[in-house]
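quick one, what's the 3D model for this:
(2 chains)
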Amino acid sequence: MEITTDVIMLLIFVFIIAAYLGVELISKVPSQLHTPLMSGTNAISGITIVGAIAACAINASGNHVFGIILGTVAIFFATVNVIGGYFVTDRMLAMFKKKEAPKK
Amino acid sequence: MSDYICIVLYMISCVLFIMGIKKLGKADTARKGNLYSSVGMLIAVVSVLISQDVIDGGWLSYLLIVLAIAGGSVVGFIWAKKVEMTGMPQLVALFNGFGGLSSMLVAVSQYTAGVTEDWFTALTLGLTILIGAVAFTGSLIAWGKLAGLKMFKKNISIPGKNFINAGILVIAAVGILFLCISPDGGLGLAGVIITTVASLILGVTLVITIGGGDMPVIISFLNALSGLAAAFAGFPIGNTVLIVSGCLVGASGVILTLIMCKAMNKTFASLLFKTTKKKASSATGEHKEPKSMSVEDAFLILEAAKSVVFIPGYGMAVAQAQHAVKELCDVLEENGCEVNFAIHPVAGRMPGHMNVLLAEANVPYEQLKTADEMNPQMPNTDIAIVIGANDVVNPAAINDESSPLYGMPIVNAYEARTVFVLKRGQGTGFSGIENPLFTMDNTVMIYGDAKQTVSQLVVEFEN
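Below is the predicted model of the structure:
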């Protein structure tokens, strides 16, 4: 996408709305869910994987070897963040659910 | 054509993230929420894979992308499955650092790909490097502190740290300025290098002086930073899904940070900028020795109790006493006693730390009460059992204006008829502040490893 002034304004618009939405969504979370919330949103911050994939490919079409390497490393770490984050959050939340189940 | 499909898919994944976060905020739907957001992530990844940019990248980039994703998935999956629940704070910190690192690398590789043509993309790219790098090295330091690595055992103080941090930040800003002035020239390259190096150092100097007890605040803050870094990484390539989801995470992290600060009665600025002064204990009044008691005697009192409140702290996590506590909780209930848990928002090393540990031990979450819920009932409580908590039950926060803790909301353990304090030995909490609770007339200390003490109490009950 070519970044024109119009696009910039639109992106800033999206940014502000998303920030406000985030504040609204989180402000009333009970304290017992703070850890899963944090680790769940932490997994979402691994969304940078999308940027990493795009950056890796753009570098590949321009034959920038250094950029390709950086992009690949970025994908790897973002994936660890995403996959690890979601599974750890799920593990925690699974514990919150069961009340009478015998522990393993 | 494929870019239009992409935008539609991005929209779907944004909606899934929003629904996911909303559901994460309620205990009954939280697990579903996490699933929703992971589906959103999957859709986002699939859509970038079919975008024109990636198709233009050719087969080699596809191969590398698939390999990197496969490798990262295996590592992340194994790590998430193998970690002990007590190791959770440091794992979250580490994953968070990886997110920051990734955003930083994305920004640098966007630079090498030459997406920077104007000052705006250059600015956002520079900010991504700055924030991502601070989140990365800051989280690494937090991880080291939480994992109890030897080199981080001591509280490190840097003389004049505010000047040093400000200086490094200025250098990073100058780097970003260079990049903005010359987005695709030699000066810009120097700017990228300067910003990267300075920001990596800044993450270290910022977090290394922060003590273990302040970790819940700093972890939420770093979480906010890594989200923000992802959001800024979306600007140079005009990627909306990055901006929206990164920003959601950033906002939620900021809110969590403020909640934690409020629970500690500190402002965020004071936490980052003030050097912690160890105040000599104000020697007003006679110095009383705390009373201690054997486990057998403690059992006799416990057996007669009709209501018991557990107040856990970081010491419970260290001693891994949560399962023993649950057993004690069970035998007490069989004995006709009402058992509750009063959990302070900053007990432990991350937000909600105690809740996770007790949930692991199968304590139903209805029994886990907040300090606000339990405090009115404290005067009617027979026994408050403080396990490895210190500053969060320090009455000086209420009645001693000269105390550094003054004004911090606490669990009013001192109001209970009897207070048991399970503690490894004599000594003060992370803040080094004397705790008058320990020498009060209704307080009894039970020294020793918390897990052993609790297990012995269970054994006494079973005999």
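
check for me that B:Lys23 belongs to a helix.
Yes: assessed with DSSP: H, G, I helix; E, B strand; the rest coil, B:Lys23 lies in a helix.

what about the closest residue to it other than its chain neighbours, neighbour count?
Closest residue in space to B:Lys23, ignoring its immediate chain neighbours: B:Gly33 at 2.8 Å, by Cβ to Cβ, 6 or more residues apart in numbering or on different chains. C-beta here means a position set from N, CA and C on the backbone, and glycine is covered the same way. By the criterion of other Cβ atoms under 10 Å in any protein chain shown, B:Gly33 has 25 neighbours.

name the element B:Gly33 belongs to?
Taking DSSP states H and E as the definition, B:Gly33 sits inside helix B:30-49.

please point out which parts of that helix sit buried.
Using 16 or more other Cβ atoms under 10 Å in any protein chain shown as the test for burial, helix B:30-49 gives B:30-31, B:33-41, B:43-45, B:47-49.

and that helix, what's its mean pLDDT?
If you average the pLDDT over helix B:30-49, you get 94.

now swap in stretch B:232-240 and tell me
Mean predicted confidence for stretch B:232-240 is 90.

and if you look at stretch B:205-216?
Here stretch B:205-216 scores 84 as its mean pLDDT.

hmm, the helix ranked longest in chain B in reach of chain A?
Identified as the longest helix of chain B according to DSSP state H is helix B:52-82. Yes: Helix B:52-82 is in contact with chain A by Cβ under 8 Å from any Cβ of the partner chain, via B:53-54, B:56-58, B:60-61, B:64-65, B:67-69, B:71-73, B:75-77, B:79-81.

return the helix or strand in chain B with minimum mean pLDDT.
Within chain B, no helix or strand scores below helix B:268-273, which has a mean of 79 by mean pLDDT, DSSP states H and E.

any regions of the chain where pLDDT drops low?
You didn't say which chain, so I picked chain A. In the predicted model of chain A, residues A:1-3, A:97-104 satisfy pLDDT under 70.

sorry, I should have been clearer: chain B.
For chain B (pLDDT under 70), the answer is B:1, B:150, B:153-155, B:275-288, B:426-432.

for residue 53, what are its contacts?
I'll assume chain A. For A:Ile53, the contacting residues are A:71, A:75, B:45, B:48-49, B:54, B:65, by Cβ atoms under 8 Å, 6 or more residues apart in numbering or on different chains.

that's the wrong chain, I meant chain B
Neighbouring residues of B:Asp53 by Cβ under 8 Å, 6+ apart: A:54, A:57-58, A:61.

now flag whichever of these is closest to B:Ile131.
A:Ala54 (18.9 Å; Cβ to Cβ).

show me where chain A has helices.
Using DSSP H, helices in chain A cover A:5-26, A:34-45, A:48-61, A:65-97.

of all the ones you listed, which one is nearest B:Met350?
Nearest of the helices of chain A (Cβ to Cβ): helix A:34-45, 5.9 Å.

so which elements touch the closest one?
With contacts taken as 3 or more Cβ pairs under 8 Å, 6 or more residues apart in numbering or on different chains; DSSP states H and E, helix A:34-45 sits against helix A:65-97, helix B:2-24, helix B:30-49, helix B:88-113, helix B:215-234, helix B:240-264, helix B:353-360.

using JSON lines, lay out these together with distance to B:Ala416.
Below are the helices and strands packed on helix A:34-45 laid out as JSON lines (distance: least, Cβ to Cβ, whole Å):
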{"stretch": "helix A:65-97", "distance to B:Ala416": "27"}
{"stretch": "helix B:2-24", "distance to B:Ala416": "34"}
{"stretch": "helix B:30-49", "distance to B:Ala416": "32"}
{"stretch": "helix B:88-113", "distance to B:Ala416": "29"}
{"stretch": "helix B:215-234", "distance to B:Ala416": "25"}
{"stretch": "helix B:240-264", "distance to B:Ala416": "21"}
{"stretch": "helix B:353-360", "distance to B:Ala416": "18"}
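
so which of those is nearest B:Pro159?
Closest to B:Pro159 of the helices and strands packed on helix A:34-45, according to Cβ to Cβ: helix B:215-234, at 20.7 Å.

burial of B:Ser157, as a residue count?
Per other Cβ under 10 Å, the neighbour tally for B:Ser157 reads 10.

so it touches B:Thr209, yeah?
Yes: at 5.7 Å, B:Ser157 and B:Thr209 qualify as touching, with contact defined as Cβ atoms under 8 Å.

beyond the helix or strand hosting B:Val386, next helix or strand please.
Counting by DSSP H and E, the element that carries B:Val386 is strand B:383-387. Note on strand B:383-387: by DSSP H and E, the next helix or strand toward the C-terminus is helix B:396-399.

give me the buried stretch members for that next one, please.
Within helix B:396-399, the residues that qualify as buried are B:396-398, counting by 16+ other Cβ under 10 Å.

same check, this time on stretch B:134-147
Using 16+ other Cβ under 10 Å as the burial criterion, the residues of stretch B:134-147 that qualify are B:134-146.

anything in that stretch near chain A?
No: shown here: stretch B:134-147 not in contact with chain A (Cβ under 8 Å from any Cβ), separated by at least 8.7 Å.

now do the contacts for the one residue in the stretch 151-300 of chain B that gets nearest to chain A.
Residue nearest to chain A within the stretch 151-300 of chain B: B:Ala251 (2.7 Å; Cβ to the nearest Cβ). Counting by Cβ under 8 Å, 6+ apart, B:Ala251 touches A:18-23, A:25-26, B:224, B:227.

from B:Ile301, how far off is the closest residue to B:Lys451 other than its chain neighbours?
Distances taken as Cβ to Cβ, 6+ apart place B:Ala321 nearest to B:Lys451, at 4.0 Å, with adjacent residues excluded. B:Ala321 sits 19 Å away from B:Ile301, going by Cβ to Cβ, to the nearest Å.

neighbour count: these two, which is higher?
More neighbours surround B:Ala321 than the other of B:Ala321 and B:Ile301, with 25 against 15 (other Cβ under 10 Å).

and that one, backbone torsions?
phi -90, psi 0 (degrees, to the nearest 10).

got a list of what it touches?
The neighbours of B:Ala321, taking Cβ under 8 Å, 6+ apart as the test, are B:387-388, B:450-451, B:454.

neighbour-wise, give me the winner out of the residues you listed.
Greatest neighbour count in these, by other Cβ under 10 Å, goes to B:Ile387: 30 neighbours.

surely B:Asp400 is in contact with B:Met408?
No: assessed by Cβ under 8 Å, B:Asp400 is found out of contact with B:Met408, at 11.4 Å.

of those two, give the one with the bigger neighbour count.
B:Met408 (20 against 17).

for the closest residue to that one other than its chain neighbours, what are its contacts?
Spatial nearest neighbour of B:Met408, excluding adjacent residues (Cβ to Cβ, 6+ apart): B:Asn265 at 3.7 Å. Residues in contact with B:Asn265 (Cβ under 8 Å, 6+ apart) are B:397, B:405-409.

check B:Gly191 too.
Contacts of B:Gly191 were listed using Cβ under 8 Å, 6+ apart, and they are B:126, B:174-182.

which among the contacts of B:Asp53 gets closest to chain B?
The nearest member of the contacts of B:Asp53 to chain B, counting by Cβ to the nearest Cβ, is A:Ala57 at 3.0 Å.

name the residues of the stretch 301-450 of chain B found near chain A, please.
Residues of the stretch 301-450 of chain B lying near chain A (Cβ under 8 Å from any Cβ): B:323, B:343, B:345, B:350-353, B:355-356, B:359-362, B:364-365, B:368, B:370.
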